[in-house]
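J.: model the structure of this input:
(one chain, ligands or ions: 1)
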Amino acid sequence: MDFFEVVRARRSVRKYGPDPVGRDVLKKIVAAGIEAPSGANMQLRQYVIVDDPAVMERIRPVSPALTGAPAAIVLLVEPKPTRFGEFWIQDASAAMQNMLLAAVALGCAACWVEGAIRRCEDDLRELLAVPDHLRVWSLMPVGLPAESPPRPSKSAPDEVTHYNRFASGR
Ligand SMILES: Cc1cc2nc3c(=O)[nH]c(=O)nc-3n(C[C@H](O)[C@H](O)[C@H](O)COP(=O)(O)O)c2cc1C
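T.: From the prediction side, this is the model:
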């Protein structure tokens, strides 16, 4: 798929079919996350691939977005400042977006699950044996889609794009 087709085709999918996703595919998705930029190139991110059905069943209650998903990638991040300031949230977000696009390019679907993590971070930490210095920041279910969500309303480019100064050029 052309890059812009991938960007356009990506949707937050919250229902998956039972077909498993191979580790080769999951590792490629993680590799895309690793390629993402990070503040001062600190790369404070770690990735937990969950593909054991028993572990998937334990993390499924985190969010309805995991419905049926055969696998998930959990993104951990060390909330540590760089010498230029704090960028760990942006670092985690950049990795997440790269991984979402990679999943689509590889024929899978995914969803950025982050809001739902906040209320069960400690449970996930224990379940996945995450050390104390890392935050369990977000996760993405990965699988073949069992739904095709419509494209939600997005800004029209002309409404949010400015040339050279705000609101100029319209
Ligand atoms: C920071 C962030 C946190 C999100 N957290 C969740 C979440 O916890 N659960 C969920 O189902 N979707 C979550 N989403 C997905 C958004 O709901 C989704 O991107 C939005 O509705 C637009 O739909 P689209 O991704 O199909 O364009 C999150 C997205 C972002 C960027």
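
J.: would you state the strands of this structure in chain order?
T.: 45-50, 71-77, 109-110, 135-143 (DSSP state E).

J.: out of the ones you listed, deepest packed?
T.: Highest mean neighbour count among the strands of the chain (mean count of other Cβ atoms under 10 Å): strand 109-110, with a mean of 28. To be clear about C-beta, it is placed using only N, CA and C from the backbone, and glycine gets the same treatment.

J.: hmm, back to that, which of the strands of the chain sits closest to the ligand?
T.: The ligand lies closest to strand 135-143 among the strands of the chain, at 6.8 Å (Cβ to the nearest ligand atom).

J.: how far off centre is the closest one?
T.: Centroid separation between strand 135-143 and its chain, computed with Cα atoms, centre = their mean, to the nearest Å, is 6 Å.

J.: other SSEs contacting it?
T.: helix 23-34, strand 71-77, helix 88-105, strand 109-110, helix 121-127 (3 or more Cβ pairs under 8 Å, 6 or more residues apart in numbering; DSSP states H and E).

J.: can you list the neighbours in contact with the second one?
T.: Surrounding strand 71-77, the residues in contact under the criterion Cβ atoms under 8 Å, 6 or more residues apart in numbering are 20-21, 26, 29-30, 33, 44-51, 56, 59, 66, 88-89, 91-92, 95-96, 99, 124, 128, 130, 134-143.

J.: tell me the mean pLDDT for that strand?
T.: For strand 71-77, mean pLDDT is 98.

J.: contact partners for residue 66?
T.: 14, 56, 59-60, 72, 113, 141.

J.: quick one: which of those sit in helices?
T.: 56, 59 (DSSP state H).

J.: the contacts of residue 66: which ones sit near the ligand?
T.: 14, 113 (Cβ under 6 Å from any ligand atom).

J.: make TSV from the contacts of residue 66 and add distance to residue 104 to it.
T.: Formatted as TSV, the contacts of residue 66 follow (distance: Cβ to Cβ, whole Å):
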residue	distance to residue 104
14	15
56	21
59	22
60	22
72	16
113	16
141	13
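
J.: of the contacts of residue 66 - the most surrounded one?
T.: Across the contacts of residue 66, neighbour numbers were computed from other Cβ atoms under 10 Å; residue 141 holds the maximum, 31 neighbours.

J.: quick check: that residue touching residue 69?
T.: Yes. Counting by Cβ atoms under 8 Å, residue 69 is a contact partner of residue 141 at 3.4 Å.

J.: many thanks, have a good one.
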